[in-house]
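In: what shape does this take:
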Amino acid sequence: MIKITFLGTSDAVPTAERNHTSILLEYKDENILIDCGEGTQRQIRKAKLNPCKINRILITHWHGDHVLGLSGLLQTLSFSDYNKPLFIYGPAGTKEFVKNMLKTFVFQGRCPIEVEEVKGKFFETDDFYIEAESMSHGIPCNAYNFVKKERIRIDKVKLKKTNLEGPILKKLKEGKDVTYNGKKYLAKNLIFKEKGRKISFVFDTSFNTKIIPFVKDSDMLICESTFDADMEQKAIAYHHLTAKQTAEIAKKSKSKKLVLTHISQRYNNNLKKILDSAKKGFKNSVLAKDLDVLEVK
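Out: Numbering: from 1, shown residues only. Got it, this is the predicted structure:
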(Lines give C-alpha, C1' and ligand atoms only; values in the text may rest on other atoms or scores of the structure.)
Protein backbone atom coordinates (compact mmCIF):
# COMPACT_ATOMS: atom_id res chain seq x y z
CA MET A 1 0.00 0.00 0.00
CA ILE A 2 1.16 3.54 -0.83
CA LYS A 3 0.11 6.22 1.64
CA ILE A 4 -0.04 9.90 0.68
CA THR A 5 -0.29 12.63 3.35
CA PHE A 6 -1.02 16.18 2.17
CA LEU A 7 0.99 18.43 4.47
CA GLY A 8 0.31 21.63 2.52
CA THR A 9 -2.06 22.44 -0.33
CA SER A 10 -1.91 26.22 -0.83
CA ASP A 11 -0.27 28.22 -3.58
CA ALA A 12 2.40 30.89 -2.98
CA VAL A 13 0.41 32.54 -0.16
CA PRO A 14 -0.75 30.29 2.70
CA THR A 15 -4.08 30.67 4.45
CA ALA A 16 -5.25 29.78 7.96
CA GLU A 17 -6.48 26.46 6.54
CA ARG A 18 -3.83 25.72 3.91
CA ASN A 19 -0.08 25.49 4.41
CA HIS A 20 2.59 25.86 1.75
CA THR A 21 3.07 22.88 -0.55
CA SER A 22 4.42 19.59 0.78
CA ILE A 23 3.38 15.94 0.46
CA LEU A 24 4.72 12.80 2.13
CA LEU A 25 4.63 9.45 0.31
CA GLU A 26 5.10 6.35 2.47
CA TYR A 27 5.78 2.94 0.98
CA LYS A 28 7.36 0.15 3.02
CA ASP A 29 10.63 1.64 4.35
CA GLU A 30 10.50 4.62 2.01
CA ASN A 31 9.38 8.03 3.31
CA ILE A 32 9.59 10.47 0.44
CA LEU A 33 8.85 14.16 0.93
CA ILE A 34 7.79 16.04 -2.19
CA ASP A 35 8.65 19.72 -1.64
CA CYS A 36 9.08 21.33 1.76
CA GLY A 37 7.26 24.64 1.99
CA GLU A 38 7.38 26.91 5.01
CA GLY A 39 5.68 25.30 8.01
CA THR A 40 6.12 21.73 6.80
CA GLN A 41 7.65 20.64 10.11
CA ARG A 42 4.58 21.69 12.09
CA GLN A 43 2.34 19.92 9.60
CA ILE A 44 4.41 16.76 10.06
CA ARG A 45 3.81 17.02 13.81
CA LYS A 46 0.09 17.65 13.36
CA ALA A 47 -0.11 14.56 11.16
CA LYS A 48 1.67 12.58 13.92
CA LEU A 49 4.48 11.61 11.56
CA ASN A 50 8.15 11.13 12.42
CA PRO A 51 10.41 13.50 10.44
CA CYS A 52 13.40 11.24 11.12
CA LYS A 53 11.86 8.56 8.90
CA ILE A 54 12.18 10.79 5.83
CA ASN A 55 14.94 9.43 3.61
CA ARG A 56 14.33 11.22 0.30
CA ILE A 57 13.20 14.72 -0.64
CA LEU A 58 12.04 15.55 -4.16
CA ILE A 59 12.19 19.28 -4.93
CA THR A 60 10.03 20.35 -7.87
CA HIS A 61 11.60 23.84 -8.10
CA TRP A 62 13.23 26.50 -5.98
CA HIS A 63 10.46 29.04 -5.47
CA GLY A 64 10.21 29.89 -1.79
CA ASP A 65 6.74 28.44 -1.19
CA HIS A 66 8.11 25.00 -2.12
CA VAL A 67 11.41 25.02 -0.21
CA LEU A 68 11.42 27.54 2.66
CA GLY A 69 10.79 24.76 5.19
CA LEU A 70 13.86 22.80 4.11
CA SER A 71 16.46 24.56 6.28
CA GLY A 72 14.34 24.12 9.41
CA LEU A 73 13.75 20.45 8.66
CA LEU A 74 17.50 19.87 8.21
CA GLN A 75 18.17 21.56 11.55
CA THR A 76 15.59 19.35 13.28
CA LEU A 77 17.12 16.23 11.77
CA SER A 78 20.59 17.24 12.97
CA PHE A 79 19.23 17.88 16.50
CA SER A 80 17.68 14.40 16.34
CA ASP A 81 21.01 12.72 15.53
CA TYR A 82 19.82 11.78 12.05
CA ASN A 83 22.81 9.81 10.73
CA LYS A 84 21.64 8.04 7.59
CA PRO A 85 22.07 9.63 4.15
CA LEU A 86 19.31 12.10 3.26
CA PHE A 87 18.91 12.20 -0.52
CA ILE A 88 17.73 15.50 -2.00
CA TYR A 89 16.75 15.41 -5.67
CA GLY A 90 15.77 18.35 -7.84
CA PRO A 91 16.06 20.11 -11.20
CA ALA A 92 19.13 21.86 -12.59
CA GLY A 93 20.61 24.27 -10.07
CA THR A 94 19.64 22.23 -7.01
CA LYS A 95 23.24 21.57 -5.92
CA GLU A 96 24.03 25.28 -5.92
CA PHE A 97 20.83 26.18 -4.06
CA VAL A 98 21.50 23.60 -1.33
CA LYS A 99 25.13 24.76 -1.06
CA ASN A 100 24.01 28.39 -0.65
CA MET A 101 21.31 27.46 1.85
CA LEU A 102 23.83 25.67 4.04
CA LYS A 103 25.99 28.82 3.96
CA THR A 104 23.10 31.17 4.72
CA PHE A 105 21.97 29.64 8.02
CA VAL A 106 23.97 28.74 11.11
CA PHE A 107 23.29 25.05 11.62
CA GLN A 108 24.06 23.32 14.89
CA GLY A 109 25.40 20.06 13.52
CA ARG A 110 24.69 18.68 10.07
CA CYS A 111 22.88 15.60 8.87
CA PRO A 112 24.53 13.75 5.95
CA ILE A 113 23.09 15.06 2.67
CA GLU A 114 23.51 13.76 -0.86
CA VAL A 115 22.21 16.06 -3.61
CA GLU A 116 21.41 15.04 -7.18
CA GLU A 117 20.06 17.02 -10.13
CA VAL A 118 17.76 14.63 -11.95
CA LYS A 119 15.86 13.94 -15.14
CA GLY A 120 14.37 10.66 -16.39
CA LYS A 121 14.52 7.54 -14.21
CA PHE A 122 16.93 8.36 -11.39
CA PHE A 123 16.26 5.85 -8.61
CA GLU A 124 15.22 2.19 -8.90
CA THR A 125 14.86 -0.89 -6.73
CA ASP A 126 13.43 -4.33 -7.52
CA ASP A 127 10.09 -3.00 -6.29
CA PHE A 128 9.71 0.57 -7.59
CA TYR A 129 11.35 3.47 -9.39
CA ILE A 130 11.14 7.26 -9.38
CA GLU A 131 11.42 9.40 -12.49
CA ALA A 132 11.43 13.11 -13.31
CA GLU A 133 10.38 15.23 -16.27
CA SER A 134 11.06 18.92 -16.78
CA MET A 135 8.05 21.24 -16.74
CA SER A 136 7.40 24.82 -17.88
CA HIS A 137 7.46 27.34 -15.03
CA GLY A 138 9.93 29.99 -16.11
CA ILE A 139 12.69 28.37 -14.01
CA PRO A 140 14.00 24.78 -13.90
CA CYS A 141 11.14 22.66 -12.59
CA ASN A 142 10.42 18.92 -12.36
CA ALA A 143 7.33 16.76 -12.18
CA TYR A 144 7.77 13.30 -10.60
CA ASN A 145 6.34 9.79 -10.92
CA PHE A 146 6.56 7.15 -8.21
CA VAL A 147 6.01 3.80 -9.94
CA LYS A 148 5.49 0.54 -8.07
CA LYS A 149 6.39 -2.23 -10.49
CA GLU A 150 4.10 -5.03 -11.59
CA ARG A 151 5.09 -8.18 -9.71
CA ILE A 152 4.53 -11.91 -10.07
CA ARG A 153 3.17 -13.26 -6.79
CA ILE A 154 2.55 -16.80 -5.58
CA ASP A 155 -0.92 -17.53 -4.25
CA LYS A 156 -0.15 -18.50 -0.66
CA VAL A 157 -3.47 -20.28 -0.12
CA LYS A 158 -2.93 -22.52 -3.15
CA LEU A 159 0.74 -22.99 -2.30
CA LYS A 160 -0.14 -24.42 1.13
CA LYS A 161 -1.91 -27.32 -0.54
CA THR A 162 1.16 -28.30 -2.57
CA ASN A 163 3.90 -28.51 0.11
CA LEU A 164 6.22 -26.77 -2.35
CA GLU A 165 9.06 -24.81 -0.75
CA GLY A 166 12.63 -23.64 -1.18
CA PRO A 167 14.41 -22.73 -4.46
CA ILE A 168 11.65 -24.33 -6.54
CA LEU A 169 9.45 -21.32 -5.73
CA LYS A 170 11.80 -19.07 -7.67
CA LYS A 171 11.05 -21.08 -10.82
CA LEU A 172 7.33 -20.67 -10.25
CA LYS A 173 7.74 -16.89 -9.96
CA GLU A 174 9.57 -16.99 -13.30
CA GLY A 175 6.46 -18.63 -14.79
CA LYS A 176 8.09 -22.05 -15.14
CA ASP A 177 6.22 -25.29 -14.43
CA VAL A 178 7.85 -27.49 -11.78
CA THR A 179 7.90 -31.16 -10.80
CA TYR A 180 8.03 -32.15 -7.13
CA ASN A 181 7.83 -35.66 -5.66
CA GLY A 182 6.84 -36.96 -9.09
CA LYS A 183 3.96 -34.52 -9.52
CA LYS A 184 3.89 -31.66 -12.03
CA TYR A 185 2.65 -28.22 -10.98
CA LEU A 186 1.65 -25.64 -13.57
CA ALA A 187 2.90 -22.15 -12.77
CA LYS A 188 -0.25 -20.51 -14.16
CA ASN A 189 -2.30 -22.29 -11.47
CA LEU A 190 -0.19 -21.01 -8.60
CA ILE A 191 0.90 -17.48 -9.54
CA PHE A 192 -0.83 -14.20 -10.32
CA LYS A 193 0.18 -10.74 -11.46
CA GLU A 194 0.05 -7.97 -8.90
CA LYS A 195 -0.64 -4.81 -10.88
CA GLY A 196 1.80 -1.95 -10.76
CA ARG A 197 0.83 1.44 -9.36
CA LYS A 198 1.74 4.94 -10.48
CA ILE A 199 1.49 8.18 -8.50
CA SER A 200 2.22 11.42 -10.38
CA PHE A 201 3.11 14.78 -8.86
CA VAL A 202 2.77 17.83 -11.11
CA PHE A 203 3.30 21.15 -9.33
CA ASP A 204 3.76 24.65 -10.73
CA THR A 205 3.75 24.48 -14.50
CA SER A 206 1.92 25.92 -17.45
CA PHE A 207 0.23 23.52 -19.85
CA ASN A 208 2.86 21.79 -22.02
CA THR A 209 3.15 18.77 -24.28
CA LYS A 210 5.28 16.76 -21.82
CA ILE A 211 2.69 16.42 -19.08
CA ILE A 212 0.18 14.00 -20.61
CA PRO A 213 2.67 11.34 -21.78
CA PHE A 214 4.58 11.61 -18.50
CA VAL A 215 1.54 10.99 -16.26
CA LYS A 216 -0.15 8.51 -18.64
CA ASP A 217 -2.18 5.82 -16.83
CA SER A 218 -1.53 7.24 -13.36
CA ASP A 219 -3.51 5.62 -10.59
CA MET A 220 -3.40 8.98 -8.81
CA LEU A 221 -2.52 12.25 -10.52
CA ILE A 222 -1.77 14.95 -7.93
CA CYS A 223 -1.75 18.17 -9.87
CA GLU A 224 -1.65 21.89 -9.25
CA SER A 225 -4.92 23.71 -9.93
CA THR A 226 -4.04 27.24 -8.96
CA PHE A 227 -6.74 29.05 -10.93
CA ASP A 228 -10.25 28.58 -12.24
CA ALA A 229 -10.86 28.61 -16.01
CA ASP A 230 -11.97 32.27 -16.02
CA MET A 231 -8.41 33.25 -15.03
CA GLU A 232 -6.63 31.36 -17.79
CA GLN A 233 -4.69 34.42 -18.94
CA LYS A 234 -3.36 34.94 -15.42
CA ALA A 235 -2.45 31.25 -15.28
CA ILE A 236 -0.48 31.64 -18.52
CA ALA A 237 1.28 34.78 -17.24
CA TYR A 238 2.33 33.07 -14.01
CA HIS A 239 3.11 29.67 -15.59
CA HIS A 240 0.34 27.79 -13.78
CA LEU A 241 -2.62 25.52 -14.61
CA THR A 242 -6.34 26.05 -14.31
CA ALA A 243 -8.62 23.37 -12.86
CA LYS A 244 -10.09 22.93 -16.35
CA GLN A 245 -6.64 22.23 -17.82
CA THR A 246 -5.82 19.85 -14.98
CA ALA A 247 -9.00 17.88 -15.72
CA GLU A 248 -8.08 17.77 -19.40
CA ILE A 249 -4.66 16.35 -18.49
CA ALA A 250 -6.28 13.68 -16.30
CA LYS A 251 -8.74 12.70 -19.02
CA LYS A 252 -6.27 12.59 -21.91
CA SER A 253 -3.66 10.73 -19.85
CA LYS A 254 -6.30 8.15 -18.80
CA SER A 255 -5.46 8.70 -15.16
CA LYS A 256 -7.77 6.95 -12.71
CA LYS A 257 -8.04 9.65 -10.04
CA LEU A 258 -7.27 13.37 -10.02
CA VAL A 259 -6.32 15.18 -6.81
CA LEU A 260 -6.33 18.96 -6.99
CA THR A 261 -3.81 20.91 -4.92
CA HIS A 262 -1.84 24.20 -4.88
CA ILE A 263 -5.04 26.25 -4.71
CA SER A 264 -4.91 30.05 -4.85
CA GLN A 265 -5.96 31.86 -1.67
CA ARG A 266 -8.56 33.78 -3.69
CA TYR A 267 -10.76 30.63 -3.65
CA ASN A 268 -10.56 30.14 0.09
CA ASN A 269 -14.27 30.88 0.51
CA ASN A 270 -15.32 29.21 -2.71
CA LEU A 271 -13.33 26.02 -3.13
CA LYS A 272 -16.34 24.37 -4.74
CA LYS A 273 -15.72 26.53 -7.81
CA ILE A 274 -12.33 24.85 -8.41
CA LEU A 275 -13.66 21.34 -7.76
CA ASP A 276 -16.76 21.81 -9.94
CA SER A 277 -14.61 23.13 -12.78
CA ALA A 278 -12.44 20.01 -12.67
CA LYS A 279 -15.37 17.62 -12.32
CA LYS A 280 -16.92 18.95 -15.53
CA GLY A 281 -13.94 17.55 -17.44
CA PHE A 282 -12.99 14.63 -15.19
CA LYS A 283 -15.54 13.11 -12.83
CA ASN A 284 -13.19 11.32 -10.47
CA SER A 285 -11.68 14.55 -9.13
CA VAL A 286 -11.18 15.42 -5.46
CA LEU A 287 -9.79 18.54 -3.84
CA ALA A 288 -7.07 17.90 -1.27
CA LYS A 289 -7.15 19.56 2.13
CA ASP A 290 -4.23 19.89 4.52
CA LEU A 291 -3.60 16.67 6.47
CA ASP A 292 -5.79 14.58 4.16
CA VAL A 293 -4.52 11.01 3.78
CA LEU A 294 -5.14 9.01 0.61
CA GLU A 295 -4.07 5.44 -0.10
CA VAL A 296 -3.29 3.49 -3.25
CA LYS A 297 -3.45 -0.28 -2.69
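In: from here on, just use CA atoms for contacts and neighbour counts.
Out: Will do.
In: what ranges do the strands span in the stretch 1-150 of the chain?
Out: Under the criterion DSSP state E, counting those that start in this stretch, strands of the stretch 1-150 of the chain are mapped to 2-8, 22-27, 30-34, 56-58, 86-90, 113-117, 120-124, 128-134, 142-148.
In: could I get the ones you listed as a markdown table with mean neighbour count, distance to G72 and mean pLDDT?
Out: A markdown table is the format used below for these (neighbours: other C-alpha atoms under 10 Å; distance: least, C-alpha to C-alpha, whole Å; pLDDT from 0 to 100):
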| stretch | mean neighbour count | distance to G72 | mean pLDDT |
| --- | --- | --- | --- |
| strand 2-8 | 23 | 15 | 98 |
| strand 22-27 | 22 | 14 | 98 |
| strand 30-34 | 20 | 14 | 98 |
| strand 56-58 | 22 | 14 | 98 |
| strand 86-90 | 21 | 14 | 98 |
| strand 113-117 | 15 | 14 | 97 |
| strand 120-124 | 13 | 26 | 98 |
| strand 128-134 | 20 | 25 | 98 |
| strand 142-148 | 24 | 23 | 98 |
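In: I274 is nearest to which of these?
Out: Proximity to I274 (C-alpha to C-alpha) singles out strand 2-8 among the strands of the stretch 1-150 of the chain, at 17.0 Å.
In: where does this structure dip in pLDDT?
Out: Applying pLDDT under 70 to the chain flags no residue at all.
In: hang on, the earlier thing: same list as before, the strands of the stretch 1-150 of the chain that is, but in a markdown table and with distance to K244 included.
Out: Shown next, in a markdown table, are the strands of the stretch 1-150 of the chain (distance: least, C-alpha to C-alpha, whole Å):
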| stretch | distance to K244 |
| --- | --- |
| strand 2-8 | 22 |
| strand 22-27 | 23 |
| strand 30-34 | 24 |
| strand 56-58 | 26 |
| strand 86-90 | 28 |
| strand 113-117 | 31 |
| strand 120-124 | 27 |
| strand 128-134 | 22 |
| strand 142-148 | 19 |
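In: so for K289, which of those strands sits nearest?
Out: strand 2-8 (7.0 Å).
In: what's the angle from the closest one to strand 142-148?
Out: If you take axes from the mean of the first three to the mean of the last three C-alpha atoms, to 10 degrees, strand 2-8 sits at 150 degrees to strand 142-148.
In: which helices and strands does strand 2-8 pack with?
Out: If contacts are counted by 3 or more C-alpha pairs under 8 Å, 6 or more residues apart in numbering; DSSP states H and E, strand 2-8 sits against strand 22-27, helix 40-46, strand 293-296.
In: so which bits of the shortest one are buried?
Out: Taking 16 or more other C-alpha atoms under 10 Å as the basis for neighbour counts, the residues of strand 293-296 that come out buried are V293.
In: also stretch 261-276?
Out: Those would be 261-265, 274-276, for stretch 261-276 by 16+ other C-alpha under 10 Å.
In: the nearest residue to L294 once chain neighbours are set aside: what's it in contact with?
Out: Computed as C-alpha to C-alpha, 6 or more residues apart in numbering, the closest residue to L294 that is not its neighbour in sequence is I4, at 5.2 Å. Listed by C-alpha atoms under 8 Å, 6 or more residues apart in numbering, the contact set of I4 reads 23-26, 293-295.
In: who does I4 bridge with?
Out: Per DSSP bridges, the residues bridged to I4 are L25, L294.
In: could you say which helix or strand holds the residue positioned nearest the centre of the chain?
Out: Centroid-nearest residue in the chain: F201, 5.0 Å away (criterion: C-alpha atoms, centre = their mean). Taking DSSP states H and E as the definition, F201 sits inside strand 197-202.
In: and that strand, which strands flank it?
Out: strand 142-148 (antiparallel), strand 220-224 (parallel).
In: could you dump these into CSV and include distance to K48?
Out: Shown next, in CSV, are the strands paired with strand 197-202 (distance: least, C-alpha to C-alpha, whole Å):
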stretch, distance to K48
strand 142-148, 23
strand 220-224, 22
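In: out of these, nearest to Q233?
Out: strand 220-224 (16.1 Å).
In: surely S80 touches N50?
Out: No: S80 is not in contact with N50 according to C-alpha atoms under 8 Å; the separation is 10.8 Å.
In: what residues are up against the closest residue to G39 other than its chain neighbours?
Out: Setting aside the residues directly before and after it, G39 is nearest to G69 in space (C-alpha to C-alpha, 6+ apart), at 5.9 Å. Contact analysis of G69 by C-alpha under 8 Å, 6+ apart lists 36-41.
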